[in-house]
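**Q** Got a predicted model here, sequence first, then my questions.
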Amino acid sequence: MSSIDVRINQINTAVTVIIVVVSLINFIPGTIGLLFNLLVFTQRSLRHEPCSLYIFSSTCFNLFVIIVIIPVRIASEGFNIDL
C-alpha cells in the first residue's frame, strides 16, 4: 500500500469515529429535550395556540429523526450494518 492509501484509510476511520461520537452526543440530550418539549406543548393552556401546534408538530418530527434516523446512522456508519 502506498502512503496515500494509508492516509485515506486513516481519514475514513477518523470520519467514522466522529460521526458515531457526534450522533451519540446528539441522541441522549436531544431525546430528553424533545420529550420535555412534548410535555410543555401538550399542556392544556397551550393546546389552542396556533404557534404551539407548529412547534409541537416540529417536535414530533424531530423526535422521529432522533429515535429512528440517528440509531440507523450509528449502526451503518459505526458498525457497518446495512439496514
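**A** Ah, there it is.

**Q** remind me, longest helix of this structure?
**A** Assignment by DSSP state H gives helix 3-41 as the longest helix of the chain.

**Q** What residues of the following helix or strand past that helix count as buried?
**A** Using DSSP states H and E, the next helix or strand after helix 3-41 towards the C-terminus is helix 50-64. Across helix 50-64, burial judged by 16 or more other CB atoms under 10 Å covers 52, 56, 59, 63. Every C-beta, even on glycine, is put in place using the N, C-alpha and C of the backbone.

**Q** can you check stretch 17-27 too?
**A** Those would be 20, 23, 27, for stretch 17-27 by 16+ other CB under 10 Å.

**Q** next one: stretch 72-83
**A** Applying 16+ other CB under 10 Å to stretch 72-83 flags 73, 74, 77 as buried.

**Q** Dump those residues into JSON lines; add distance to residue 35 and secondary structure as well.
**A** Listed next are those as JSON lines, based on distance: CB to CB, whole Å; DSSP: H, G, I helix; E, B strand; the rest coil:
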{"residue": "73", "distance to residue 35": "20", "secondary structure": "helix"}
{"residue": "74", "distance to residue 35": "20", "secondary structure": "helix"}
{"residue": "77", "distance to residue 35": "25", "secondary structure": "helix"}
